[in-house]
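Undergrad: Sequence plus the predicted model coming up.
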Amino acid sequence: MTIVLVIDDEPLICDLLRIVLGRHGYEVHTASSGREGIESFRELRPRFTFLDLRLPDMNGMEVLKKIRQVDPHGAVMILTAAASENSEQQARDLGVTDFLIKGLPVEALLGAVQQTTRGLADAAAPTSTGAAGTRIGAGTTEHSILIVDDEQAIRYWLTHALTERGHRVRAAQDGSSALAQVEFEQPDLVVLDMHMPGMSGVELIRRLRAQKYTGRSMMLTGSHEERLMKEVLDLGGVDVVSKAADPERIILAIEARLALT
């Protein structure tokens with residue numbers, strides 16, 4: 001089995017890569033720091049390594065140099081949220097296979113791994129152009145998503161961001177509209193606000209399940225009131241994501257949930 005090592009301190013990214021690559025027959029190991037990543041690389045000698053440039057204990061470029069001391073020709077793909085012309089040039093001088101800007105879906109990463117497996121010389125060409133690389137965002141497997149939120153700005157942003165990633169997105173401003181849309185067509189994932197006028201997110205999930213909805217659910221919340229959180233947890237099978245989280249992390253959480261469908 002082909003071994004892949006992911007060196008990244010973001011658990012969501014590690015979990016998502018483990019799910020998607022694991023489903024395609026890769027054995028995925030993760031490390032959350034540079035030192036752990038170097039030790040894992042020495043021990044595992046992975047066929048592919050995904051490396052974040054920003055790690056809690058050391059710069060990713062230093063990790064790359066240590067990796068090159070162990071294996072001068074191993075396939076290493078930089079996966080970073082912050083890139084510069086200088087950092088990309090440094091990485092390419094050290095022989096990286098690809099330089100990718102974080103921004104899911106991860107099917108683009110899977111494609112890069114598969115291309116390298118086939119031994120194509122231009123494996124990274126479709127996803128690396130210009131000094132700052134290319135944001136991953138094409139070639140996703142289409143999922144259907146329903147966004148339920150009484151805030152128009154949230155509905156618009158999520159619809160736009162997820163549509164750009166190749167998903168089919170519908171939106172509803174309240175629970176009643178959501179129930180009608182699900183009755184017409186069941187989505188793979190419902191992303192809903194916890195606090196909405198007329199019908200709360202918790203009540204909406206109960207009604208959806210009574211309506212025989214079989215997809216997955218994710219709750220967005222700006223509040224961590226203990227009573228409400230307990231109600232959500234008592235429902236079971238519902239992810240909870242804070243609206244205060246970085247926008248990319250919200251999208252990442254949605255992609256991670258979709259990977260489980």
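TA: Arrived safely, thanks for sending.
Undergrad: Tell me where the chain has strands.
TA: Applying DSSP state E to the chain gives strands spanning 3-7, 27-31, 48-51, 75-80, 98-101, 134-135, 144-148, 168-172, 189-193, 216-221, 238-242.
Undergrad: Comparing those strands by mean pLDDT, which bottoms out?
TA: Ranked by mean pLDDT, the strands of the chain end with strand 134-135 at the bottom, a mean of 42.
Undergrad: Give me the neighbour count for the residue lying closest to residue 216 once chain neighbours are set aside.
TA: Spatial nearest neighbour of residue 216, chain neighbours left out: residue 189 (4.9 Å); criterion: CB to CB, 6 or more residues apart in numbering. Bear in mind the C-beta positions are built from the backbone N, C-alpha and C, glycine included. Number of residues near residue 189 (other CB atoms under 10 Å) recorded here: 23.
Undergrad: Redo the strands of the chain as TSV? Include distance to residue 57.
TA: Formatted as TSV, those follow (distance: least, CB to CB, whole Å):
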stretch	distance to residue 57
strand 3-7	11
strand 27-31	11
strand 48-51	14
strand 75-80	16
strand 98-101	22
strand 134-135	27
strand 144-148	37
strand 168-172	39
strand 189-193	34
strand 216-221	32
strand 238-242	26
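Undergrad: Okay, now the unreliable bits of the chain?
TA: Applying pLDDT under 70 to the chain flags the ranges 82-83, 101-112, 115-141, 223-229, 260-261.
Undergrad: Apply 80 and report the result again.
TA: Residues of the chain that meet the criterion pLDDT under 80 lie in 12, 16, 19-20, 23, 80-87, 98-142, 222-237, 243-249, 259-261.
Undergrad: how does it divide up, domain by domain?
TA: 3-135, 144-259 (automatic domain parsing).
Undergrad: quick one, helices of the stretch 51-200 of the chain?
TA: Counting by DSSP state H, counting those that start in this stretch, the stretch 51-200 of the chain has helices at residues 60-70, 85-93, 107-117, 152-164, 175-184.
Undergrad: can you tell which of those is closest to residue 210?
TA: Go through these one by one with CB to CB and the one that ends up closest to residue 210 is helix 175-184, at 9.7 Å.
Undergrad: List the contacts of the closest one.
TA: 146, 148, 170, 172, 190, 192, 196, 198-200, 203-204, 207-208, 211, 213 (CB atoms under 8 Å, 6 or more residues apart in numbering).
Undergrad: Drop anything exposed from those.
TA: Buried by 16 or more other CB atoms under 10 Å: 146, 148, 170, 172, 190, 192, 196, 199-200, 204, 207-208, 213, out of these.
Undergrad: My read is that the residue nearest to residue 216 contacts residue 214, right?
TA: No - Residue 189 is beyond contact range of residue 214, at 11.5 Å (criterion: CB atoms under 8 Å).
Undergrad: Could you identify which of the helices of the stretch 51-200 of the chain is most buried?
TA: helix 107-117 (a mean of 20; mean count of other CB atoms under 10 Å).
Undergrad: Tell me the one of the contacts of helix 175-184 nearest residue 23?
TA: For those, the residue nearest residue 23 by CB to CB is residue 190; the value is 22.9 Å.
Undergrad: how much space between that closest one and residue 218?
TA: Distance, residue 190 to residue 218, by CB to CB, to the nearest Å: 7 Å.
Undergrad: show me what contacts the closest residue to residue 30 other than its chain neighbours?
TA: The shortest distance from residue 30 to any non-neighbouring residue, by CB to CB, 6+ apart, is to residue 14 (4.1 Å). Shown in contact with residue 14 (CB under 8 Å, 6+ apart): 6, 8, 30, 32.
Undergrad: isn't the third one right next to residue 16, touching?
TA: This points to residue 30. No - counting by CB under 8 Å, residue 16 is not a contact partner of residue 30; they are 10.8 Å apart.
Undergrad: okay, these two: which has more neighbours?
TA: A side-by-side neighbour count of residue 30 and residue 16, using other CB under 10 Å, places residue 16 first with 24 against 20.
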